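Q: Can you look at this prediction? I've put the sequence above it.
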Amino acid sequence: MADELTAAGLTVDALSVRLAALHAALRSAISVNLDLSTDQPTGQLTEIQAERIQAVMELVRVINGSWDPDSATGASLTALCAVTGTQRNAATHGHVILTCTLDGGTTLPAGSVASVTGDATNRWLTDAVEVAPAGPAANYFVAATAESAGAIEAPVGSIAVRATPVGGWTAVTNAAAAAAGLEEETDAALRTRRAYELAMGGSTTVDAIAAALSNMDGMLEARVTENDTMMTVDTIPPKAFEAVIWDGTVPAVANADIAEVIFEEKAGGIQSYGTTIEPHEDEQGVSHAIGFTRAAEQRIDVEIDLDGDVDTYIGDVAAEAAVETWANANLGVGDDVFLSKISGAVIGLGGVDNVTAVRLSIFPAGPAAVDVVITSRQIATIDGGVGGDVLITSTLT
């Protein structure tokens, strides 16, 4: 057998190769005529032994790979990144403003629960006590937090069930869609952030600036491009750099905080260029104009036709949500949207036999005949799920 660890890495035999080697060893030691058929006890014992050895060697492969950030996954990657100080970002809770109808004199306790109609698991807990003064019934705006962490959505008007019975609380709704939380940081995103943070030691490099920005709370992505020529390139002035950041459709990071990080990381005398200019005062009281660019969101509508198995297909709504999950994990600043990649993301879903068509539309411009090209200052977003920008038409047989 060829299981071995060399400078090129760990080599693990396939199960069929391992079983053949065990058969050869037994026949060499006992008899060339030894019957190792699958219907014979000796043959069955040999297969069990080979499978157990294979399971151990696969575990060895996983353990060996856990020391490589490019191949480690899950808990192994989390532990590996922690060694150099990069912590995986946990899932966060979403927030919403509820419109609660309260009779006069009603006290709505903190932690009162409202849920989405038709989905009792989509629950939102009020953040603080709300006391209605004596008098007629009235509407009160009450902040609430999602009970479960992650990208929990609640469209406009969907939160209408009072899951906690409170006397005098007669109705609830949400006039605006909930701000969904974030899912736990993916392995791919964690690897990228680890690389950025390790680059921070080389202060004033573009990687160090990008790493410092990416490490800010609420920052989803930061890309830094430098122009080290004596000519203007893509509107970036000579000897300047541009930080293009993405912190969500609703900005999560204050301009002043971004400007402070850029000023502290950039080299003296080097211009920070961008469409947003934020003043920053240094320790000597001198004000500096710090530039950066917020990526422009380009919403992409997606229509997908597919053939599926009637017994195992996960359903259109779940498939639409899966496309959104794929987009969040794979589409970053400046990344083009390819028909083939969307098709590949769908074909791997449960019960999907074939993707017959993928159509893209640029909102609000309309249909795109081919792949969508995204500029270096844009980010494509695809919103799946009920009422989203993904429409799947399935033919089940």
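A: Sure, I can see it.
Q: measure stretch 310-318 end to end?
A: One end of stretch 310-318 sits 15 Å from the other (Cα to Cα, to the nearest Å).
Q: average pLDDT across it?
A: In this model, stretch 310-318 has a mean pLDDT of 86.
Q: Where do the helices of the stretch 201-350 of the chain begin and end?
A: 206-214, 255-265, 316-330, 339-347 (DSSP state H, counting those that start in this stretch).
Q: Need the contact partners of the first one.
A: So the one you mean is helix 206-214. 192-193, 195-202, 219, 221-226, 241, 243, 245, 258, 261-262, 264-266 (Cβ atoms under 8 Å, 6 or more residues apart in numbering). For the C-beta atoms, the positions are set from N, CA and C on the backbone; glycine is no exception.
Q: Poorly predicted segments of the stretch 151-300 of the chain, please.
A: 199-204 (pLDDT under 70).
Q: Do you have the strands of it handy? List them.
A: Counting by DSSP state E, counting those that start in this stretch, the stretch 151-300 of the chain has strands at residues 159-162, 169-173, 221-227, 240-246, 271-273, 276-281, 287-294, 296-308.
Q: Could you report the neighbour count for residue 32?
A: Other residues within reach of residue 32 by the criterion other Cβ atoms under 10 Å amount to 7.
Q: helix, strand or coil for it?
A: Following DSSP: H, G, I helix; E, B strand; the rest coil, residue 32 is assigned to coil.
Q: Distance check, it against residue 26.
A: Going from residue 32 to residue 26 by Cβ to Cβ, to the nearest Å gives 10 Å.
Q: what do you get for residue 278?
A: From residue 278 to residue 26 the distance is 75 Å (Cβ to Cβ).
Q: between these two, which one's more packed in?
A: Set residue 278 next to residue 26 and count neighbours by other Cβ under 10 Å: residue 278 wins out with 20 against 17.
Q: quick one on the thing from earlier: could you dump the helices of the stretch 201-350 of the chain into TSV with mean neighbour count added?
A: Shown next, in TSV, are the helices of the stretch 201-350 of the chain (neighbours: other Cβ atoms under 10 Å):
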stretch	mean neighbour count
helix 206-214	22
helix 255-265	18
helix 316-330	19
helix 339-347	17
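Q: closest one to residue 176 among those?
A: helix 316-330 (19.8 Å; Cβ to Cβ).
Q: Show me what the closest one is in contact with.
A: Here helix 316-330 makes contact (Cβ under 8 Å, 6+ apart) with 151, 183, 186, 188-189, 302, 304, 306, 313-314, 341-342, 345-346, 349, 352, 380-386, 388, 390-394.
Q: Return a PyMOL selection command for the buried portion of these.
A: Only the buried entries of the contacts of helix 316-330 go into this PyMOL selection, using 16 or more other Cβ atoms under 10 Å:
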select buried, resi 151+183+189+302+304+306+313+341+342+345+346+349+352+380+381+382+383+384+385+388+390+392+394
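Q: for the spatially closest residue to residue 42 that is not a sequence neighbour, what are its contacts?
A: Spatial nearest neighbour of residue 42, excluding adjacent residues (Cβ to Cβ, 6 or more residues apart in numbering): residue 36 at 5.9 Å. Residue 36 makes contact with 23, 26, 27, 42, 43, 46, according to Cβ under 8 Å, 6+ apart.
Q: Go again with 7 Å.
A: When contacts are counted by Cβ atoms under 7 Å, 6 or more residues apart in numbering, residue 36 touches 23, 26, 42, 43, 46.
Q: any idea how far residue 20 is from it?
A: 10 Å.
Q: try residue 129
A: Distance from residue 129 to residue 20, by Cβ to Cβ: 72 Å.
Q: Same question for residue 46.
A: As judged by Cβ to Cβ, residue 46 and residue 20 stand 10 Å apart.
Q: rewinding a little: take the contacts of helix 206-214 and, keeping just the buried ones, write it as a PyMOL select command.
A: Here is the PyMOL command that selects the buried residues among the contacts of helix 206-214 (16+ other Cβ under 10 Å):
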select buried, resi 192+193+196+197+198+199+200+219+221+222+223+224+225+226+241+243+245+258+261+262+265+266
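Q: The residue nearest to residue 42 belongs to a strand?
A: No: using three-state DSSP, the assignment for residue 36 is coil, not a strand.
Q: mind listing the helices for the stretch 51-200 of the chain?
A: 74-83, 187-199.
Q: out of the ones you listed, nearest to residue 95?
A: Comparing the helices of the stretch 51-200 of the chain under Cβ to Cβ, the one sitting nearest is helix 187-199, at 22.0 Å.
Q: What residues of stretch 122-140 count as buried?
A: Across stretch 122-140, burial judged by 16+ other Cβ under 10 Å covers 122, 123, 124, 125, 126, 130, 132.
Q: Looking at the contacts of residue 36, which are in helices?
A: 23, 26, 42, 43, 46 (DSSP state H).
Q: burial of the first one, as a residue count?
A: Spelled out, it's residue 23. Around residue 23 there are 17 residues (other Cβ under 10 Å).
Q: Identify the residue spatially nearest to it, adjacent ones excluded.
A: For residue 23, ignoring the flanking residues on the chain, the nearest one in space by Cβ to Cβ, 6+ apart is residue 36 at 5.2 Å.
Q: Which residues are in contact with residue 224?
A: So residue 224 contacts 206, 209, 210, 241, 243 (Cβ under 7 Å, 6+ apart).
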